[in-house]
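S.K.: would you be able to build a 3D model of this:
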Amino acid sequence: MSKMFVEERRQQILDLLSENKRITIQELVERINVSDATLRNDLAKMEKDHLLKRTHGGAISLDYLEQELTLSTRESTNKNEKLSIAMKAFEFIQDDQSIMLDASSTALELAKLLSKTQKRLTIVTNGINTALELNQNRDITVILLGGILQKSSPILEGSLGIDLLSKINIDTFFVSANGFTITNGMQDFSVYEVELKKYMIKNAAKVVGLLDYSKFGKNSIATFASITDIDIIITDQKIADNIKQEILTASPNLNIIIT
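M.R.: Below you'll find the model as predicted:
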């Protein structure tokens, strides 16, 4: 058996789950070349850390499970918190601005508010439902980033829209995430969407994170924004005081707004 640090081995497990969504103990034994007892211990610890879900004889990616949720289910989760966050985010948007929204359910709540505003805006998004909602308002110019349509979800992902981003000056990017930690920042479960979001972050003058309380302390597959990339976090009253303080200690210039 080849020697490997515990962190390296568990990262390899996560990488394999990212590629295959689910994997068996036997497949892990063959790929990583350690005993099944060692791997069972790894999976138990990783499940406890909310990094995967153990199954009979193997494991499945938590992000894959979440990805299988229907859009309506995601929209209904923490609905009140998301609406409250969207209403606060709306206050930051001024007439004649160019803003950007990701394809999250929280950004969709913000789009519903913007669809009724009288402000003249240019809005860039990779969310099909978000674009359709905004397109009801004649005062809003909607730019839909090109990309690959995600299976079972109205989200465009990939790098096809990157060139377009370099030609637009974005005042503010309103973005949510599957998870947020101080160490890893804002994270998502789709590697392809993460790559697009990295460029969206890079091309925005200001980044506003729209994160309900359930996102804090949660890890996902890949990071698209470190804590220092974020200017403002808008969250709800259920965020724990110790988490808020830890964030401010790690990034003193970051402004946290609680709705």
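
S.K.: every contact and neighbour count from this point should use C-alpha atoms.
M.R.: Fine.

S.K.: distance of residue 113 relative to residue 138?
M.R.: Using Cα to Cα, to the nearest Å, residue 113 is found at 14 Å from residue 138.

S.K.: what's the burial count for the residue lying closest to residue 95 once chain neighbours are set aside?
M.R.: Excluding its sequence neighbours, the residue lying closest to residue 95 (Cα to Cα, 6 or more residues apart in numbering) is residue 119, at 4.9 Å. Neighbour count for residue 119, taken as other Cα atoms under 10 Å: 17.

S.K.: from what I see, residue 119 and residue 94 are in contact.
M.R.: Yes: with contact defined as Cα atoms under 8 Å, residue 119 counts as touching residue 94 (7.2 Å).

S.K.: what comes up buried for the helix or strand where residue 242 lies?
M.R.: Residue 242 belongs to helix 241-250 when assigned by DSSP states H and E. Residues 247, 248 are the ones in helix 241-250 that count as buried (16 or more other Cα atoms under 10 Å).

S.K.: taking the centroid of the chain, which residue is nearest it?
M.R.: The chain has residue 177 as the residue nearest its centroid, 2.3 Å off, counting by Cα atoms, centre = their mean.

S.K.: contacting residues around it?
M.R.: By Cα atoms under 8 Å, 6 or more residues apart in numbering, the residues touching residue 177 are 104, 186, 187, 188, 209, 210, 211, 215.

S.K.: redo that, cut-off 7 Å
M.R.: 186, 187, 188 (Cα atoms under 7 Å, 6 or more residues apart in numbering).

S.K.: so residue 58 versus residue 16, what's the distance?
M.R.: Between residue 58 and residue 16 the distance is 12 Å, computed by Cα to Cα.

S.K.: now residue 203
M.R.: To residue 16, residue 203 is 31 Å away according to Cα to Cα.

S.K.: what's the answer for residue 183, then?
M.R.: For residue 183, the distance to residue 16 - Cα to Cα - is 22 Å.
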